[in-house]
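*Asks:* The following block contains a protein sequence and its predicted model.
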Amino acid sequence: MIRVFFSCCFGLLFITGGSVVAGDLHSALDIDKDGYVTAHEAEVMPELIEQFAVLDANRDGKLDAAELSLFNG
Ligand SMILES: [Ca+2]
Ligand SMILES: [Ca+2]
């Protein structure tokens with residue numbers, strides 16, 4: 001079911017399947033490829049939204065790869 005959920009949310013980004021490591025998650029969520037995952041981009045993952053404020057260590061309102069790597073989903 002989880003795989004189906006992700007497939008619905010991320011579409012082709014997860015078509016290769018397998019586990020998602022932090023770097024892949026960051027690139028998958030970073031829709032506009034600006035190097036950061038904003039709260040808007042994180043909306044597809046409720047668990048990430050819940051932790052967003054904590055993960056955003058420098059309080060710039062977006063998560064870089066290092067900050068997202070601390071996400072414990
Ligand atoms: Ca982005
Ligand atoms: Ca940040």
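*Replies:* Nice, thanks for sending it over. Numbers count the residues shown, from 1 in each chain. Ligands and ions are numbered 1, 2, ... in the order given.
*Asks:* Just confirm yes or no for stretch 39-59 near ligand 2.
*Replies:* Yes: applying CB under 5 Å from the ion, one finds stretch 39-59 in contact with ligand 2 at 56, 58. Glycine gets a C-beta too; all of them are placed from N, C-alpha and C.
*Asks:* Which residue comes closest to the residue nearest the centre of the chain once chain neighbours are left out?
*Replies:* Central residue of the chain (CA atoms, centre = their mean): residue 29, 4.3 Å from the mean position. Among residues not flanking residue 29 along the chain, residue 37 sits closest, at 4.5 Å (CB to CB, 6 or more residues apart in numbering).
*Asks:* If you average the pLDDT over stretch 46-65, what comes out?
*Replies:* For stretch 46-65, mean pLDDT rounds to 97.
*Asks:* near ligand 2, which residues of this structure?
*Replies:* Near ligand 2, when you scan the chain using CB under 5 Å from the ion, you find 56, 58, 60, 67.
*Asks:* change it to 8 Å
*Replies:* Within the chain, the positions adjacent to ligand 2 are 36, 55, 56, 57, 58, 59, 60, 61, 62, 63, 64, 67 by CB under 8 Å from the ion.
*Asks:* list the contacts for the residue nearest to the centre of the chain?
*Replies:* 37, 41, 42, 44, 45, 48, 68 (CB atoms under 8 Å, 6 or more residues apart in numbering).
*Asks:* May I ask which two of the residues you listed are separated the most?
*Replies:* Within the contacts of residue 29, 44 and 68 form the most distant pair, 13.5 Å apart (CB to CB).
*Asks:* So for those two, which residue has more residues nearby?
*Replies:* Per other CB atoms under 10 Å, whichever of residue 44 and residue 68 has more neighbours is residue 68, with 24 against 16.
*Asks:* Could I get the phi/psi values of the residue nearest to residue 29?
*Replies:* phi -100, psi 110 (degrees, to the nearest 10).
*Asks:* tell me the contacts of residue 49?
*Replies:* Contact analysis of residue 49 by CB under 8 Å, 6+ apart lists 39, 42, 43.
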